[in-house]
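Visitor: okay, sequence plus prediction incoming.
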Amino acid sequence: MENLTNLEELDSLPLKNNPLRWGVTLKINEDLKDSKSLKLFNKYYRNEEYYRALAYGLTTLSNTTSKRIQKKIAKKVDQTYYETTINKWNSSKKELEDKLSEEKGVNFVKNIQLLINHFYTLKVLNTYASGSKDIALTIKPINTSRLKSLEDSLKVAKHYFAEKYYSKALELESVADSKSKWKNVYTKYIISSLYEKDFQDVQDKMDLSRDKATVSFFISPLKSAYPNQLKSLTEEELNSTVIKYRLVSLLDNSSADFLVKLMLVDQKAGVGPKDPVIEKYKKTVKDGKDSSGSVIKKEVTAEVTRYERYGSGFVDIVVEVVNNKTGEIILSKKCIGSSQWNTLWYSYTGDRRAIKSVYRMDQKKAKPDPSNRDFISWAINDAKESVSKFLTRSFIIEKGKKLY
């Protein structure tokens, strides 16, 4: 296939542009409750997402026993709506077919995959349409010979690029003399496997290159400019930050590739009151009946004093990733964590009936204030997520992402 010969892009192509990231065929959750399925149908119908609306409409019709739901969907899903959906399908199919002759290299393979997914979407729609016992629809047949031709072309094209990425990885492997270079080797083997999972010995090659690219790290003891009663808690919380994926954590820094330094540069916590708010209410209520049996109505009033206490915690953590051999800081980020809390309660004078629909009885007592230690702990937990995301997203080996 001459469309496959554009190989310059192997080095410059974004890693995210691979078969794992390309569009998938239409999938419908058939195990939803009727009300949830109807809600999704209405959502997609309003948004003019024809494929999903039609599929959810038809599958809801076939699953529900509710006459009300059947009636609601049947008003919107009919032969006209099916034909409108198929016209949309034909239009987007034509766009993909037109692009197919123009695209080169990986984008050519991608468009074959998208076109195949398009056929699969029609197959899904036809399955639901043919199984509908409530609405008779004239089904659009699938061009099975065209679909078979595309599937055969995709298999050839994917094999071609699996081989090219594999060859590129072998080329890089021959000169790999550092973990960062082995990382590039590993990435190319991953992409090769995404085109063809079991191409030659690509799985073994992936394991080998991953091991050679894997780095070790050591989280150095926390440094804090705030030596107070919270410091021990902060150290315990932050040093328990879990870094998973393909890194090796060491117990000492002598043989680590990188040091991860955590520095607590600021922390605050406290609780305070807000000024009480006075609110006045009045309401007309039933107050018995008179001698003739007529309902007596009466206006009642109440005055409410509403109280509020609030609290917050804050931590500011600087994370540095340092090359243990050179001392160079290769990554640095400030991670902020925070926590919020408040409690409301009230007292009142007057007639309880005037505020019955506004205030619940369980709001009459204040909740106990959390301690400063609690606020800092919550804020650190919030910061831990930020620290962990920064390290794992910026520092690890994972397909489609920039690495250490």
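Guide: Yep, it's here. Residues are numbered from 1 along each chain as shown.

Visitor: shouldn't residue 28 be within a strand?
Guide: No: counting by DSSP: H, G, I helix; E, B strand; the rest coil, residue 28 is not part of a strand but coil.

Visitor: so who does it touch?
Guide: Residues counted as contacts of residue 28 (CB atoms under 8 Å, 6 or more residues apart in numbering) are 52, 55-56, 59, 124, 128. Bear in mind the C-beta positions are built from the backbone N, C-alpha and C, glycine included.

Visitor: pLDDT at it, what is it?
Guide: Looking at residue 28, its pLDDT is 74.

Visitor: filter the contacts of residue 28 to the buried ones?
Guide: Buried members of the contacts of residue 28, scored by 16 or more other CB atoms under 10 Å, are 52, 55-56, 59, 124, 128.

Visitor: which one of those is nearest to residue 386?
Guide: Distance to residue 386, by CB to CB, is smallest for residue 52 among the buried ones among the contacts of residue 28, at 34.8 Å.

Visitor: setting the sequence-adjacent residues aside, check what's closest to that closest one.
Guide: residue 44 (4.1 Å; CB to CB, 6 or more residues apart in numbering).

Visitor: count of neighbours near the one you found?
Guide: Using other CB atoms under 10 Å, the number of residues around residue 44 comes to 18.

Visitor: same question for residue 268.
Guide: 15.

Visitor: and for residue 106?
Guide: Count around residue 106 with other CB under 10 Å applied: 23.

Visitor: which of the buried ones among the contacts of residue 28 sits closest to residue 200?
Guide: Nearest to residue 200 out of these is residue 124 (CB to CB; 34.4 Å).

Visitor: tell me how far that closest one lies from residue 54.
Guide: 10 Å (CB to CB, to the nearest Å).

Visitor: ok, residue 35 next?
Guide: Using CB to CB, which is the criterion applied here, residue 35 is 19 Å from residue 54.

Visitor: who's more crowded, those two?
Guide: residue 54 (28 against 11).

Visitor: and residue 71, how many neighbours?
Guide: 10.

Visitor: and it, what helix or strand is that in?
Guide: Secondary-structure element containing residue 71, defined by DSSP states H and E: helix 67-74.

Visitor: would you mark the buried spots in that helix?
Guide: Applying 16+ other CB under 10 Å to helix 67-74 flags 69-70, 72-73 as buried.

Visitor: domain map for this structure?
Guide: The record's domain parsing of the chain by automatic domain parsing lists 2-142, 161-213, 218-395.

Visitor: starting at the chain centroid, how far to the last one?
Guide: On the basis of CA atoms, centre = their mean, to the nearest Å, domain 218-395 is displaced by 23 Å from the centre of the chain it belongs to.

Visitor: residue 338: which of the contacts of residue 28 is nearest?
Guide: residue 52 (38.2 Å).

Visitor: and the pLDDT for the closest one?
Guide: At residue 52, pLDDT is 82.

Visitor: gap between it and residue 291?
Guide: 65 Å.

Visitor: residue 140: how many residues sit nearby?
Guide: 17.

Visitor: to clarify, my last question referred to residue 346.
Guide: By other CB under 10 Å, neighbour count at residue 346 equals 20.

Visitor: and it, what helix or strand is that in?
Guide: Going by DSSP H and E, residue 346 is part of strand 329-350.

Visitor: next structured bit after that strand?
Guide: helix 372-395.

Visitor: pLDDT on that next one, on average?
Guide: Mean predicted confidence for helix 372-395 is 80.

Visitor: for residue 279, give me phi and psi.
Guide: Per-residue torsions, residue 279: phi -130, psi 140 (degrees, to the nearest 10).

Visitor: over to residue 367?
Guide: The phi/psi pair for residue 367 (degrees, to the nearest 10) is phi -80, psi 150.

Visitor: that one: neighbour count?
Guide: Residue 367 has 11 nearby residues by other CB under 10 Å.

Visitor: just list the residues touching it, thanks.
Guide: Here residue 367 is in contact with residue 343 (CB under 8 Å, 6+ apart).

Visitor: please apply the same query to residue 348.
Guide: Here residue 348 is in contact with 302-305, 355, 359 (criterion: CB under 8 Å, 6+ apart).

Visitor: next one: residue 100
Guide: Counting by CB under 8 Å, 6+ apart, residue 100 has contacts 108, 111-112, 115.

Visitor: most neighbours out of the residues you listed, which is it?
Guide: Most surrounded of these: other CB under 10 Å gives residue 112, at 26 neighbours.

Visitor: mind checking the SS state of it?
Guide: Of the three states, residue 112 takes helix under three-state DSSP.

Visitor: wait, it sits on residue 157?
Guide: Yes: between residue 112 and residue 157 there is a contact at 6.3 Å, judged by CB atoms under 8 Å.

Visitor: reformat the buried residues of helix 67-74 as CSV; add pLDDT.
Guide: Compiled in CSV, these are given as follows (pLDDT from 0 to 100):
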residue, pLDDT
69, 80
70, 78
72, 80
73, 80
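
Visitor: how about those, which pair is most distant?
Guide: The two members of these with the most space between them (CB to CB) are 70 and 72, at 7.4 Å.

Visitor: ok, residue 341 - how many residues close by?
Guide: 16.

Visitor: list the beta-bridge partners for it.
Guide: residue 311 (DSSP bridges).

Visitor: how about it, what does it touch?
Guide: 271, 310-312, 370, 375.
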